[in-house]
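>>> Have a look; sequence and predicted model below, questions after that.
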Amino acid sequence: EIQQVCSEYVERLQALSDRELARVKKECSARIKQLEQTLTEKERAVQDQLVDLEQSKSNVSQIERSVETKEALLKARLDEVEAERQRVSAEHDQISSRTAAEREKLKAEREEISKQRQALAVDIKAAEDKLSSI
């Protein structure tokens with residue numbers, strides 16, 4: 001942009017007198033200083049943006065590490081919960097199995113007691129019949 005401005009002024013200068021030449025040189029110098037200042041400001045703004053970008057990248061990296069750590073902790077906790085679920089499930093199966101075995105045992109005992117009652121009832125009836133016949 002500076003080169004373009006200077007080229008335009010050079011073309012004008014060739015057609016001007018010495019007095020006008022001094023005025024144009026002064027205008028050209030002022031314009032160049034203004035453009036240099038604008039350029040410097042833009043460079044500063046770009047530098048500031050680069051610093052902000054680097055900070056943002058750093059923040060993103062920190063967040064990513066934090067997320068990875070949390071994911072690892074959640075996975076570990078999930079593994080713990082799954083292990084506990086399996087332990088409880090196995091314990092439940094074991095209790096269910098023992099309960100079923102106990103039920104079968106109690107059922108067999110009830111049947112045996114029922115048979116013994118019937119036998120006793122028969123014996124009592126026989127004894128009563130014997131007593132009544134005496």
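Done, it's in.
>>> how far out from the middle of the chain is the helix or strand hosting residue 65?
Residue 65 belongs to helix 18-133 when assigned by DSSP states H and E. Here helix 18-133 is found 8 Å from its chain centre; the criterion is C-alpha atoms, centre = their mean, to the nearest Å.
>>> show me where pLDDT drops low in this protein?
Across the chain, the ranges flagged by pLDDT under 70 are 13, 15-18.
>>> could you say what helices and strands the helix holding residue 65 packs with?
helix 2-14 (3 or more C-beta pairs under 8 Å, 6 or more residues apart in numbering; DSSP states H and E). Any C-beta I mention is one placed from the backbone N, CA and C, and that applies to glycine too.
>>> Which secondary structure elements does the helix it packs on sit against?
helix 18-133.
>>> Look up how far residue 64 lies from residue 123.
87 Å (C-beta to C-beta, to the nearest Å).
>>> Sorry, slip of the keys, the one I care about is residue 7.
Residue 7 is 51 Å from residue 64, by C-beta to C-beta.
>>> likewise residue 84?
30 Å.
>>> do the same with residue 10
Applying C-beta to C-beta, the value for residue 10 to residue 64 is 55 Å.
>>> what's the answer for residue 100, then?
Counting by C-beta to C-beta, the gap from residue 100 to residue 64 is 53 Å.
>>> Same question for residue 96.
47 Å.
>>> Likewise for residue 31?
48 Å.
>>> Check residue 106 too.
Taken as C-beta to C-beta, the span from residue 106 to residue 64 is 62 Å.
>>> before we move on, what about residue 127?
92 Å.
>>> Quick one: residues contacting residue 5.
28, 31-32, 35 (C-beta atoms under 8 Å, 6 or more residues apart in numbering).
>>> now do 7 Å
Taking C-beta atoms under 7 Å, 6 or more residues apart in numbering as the criterion, residue 5 is in contact with 31, 35.
>>> Also the one 4 residues further on?
Each residue near residue 9 by C-beta under 7 Å, 6+ apart is listed here: 24, 28.
>>> now the one 3 residues further on
By C-beta under 7 Å, 6+ apart, the contact set of residue 12 is residue 24.
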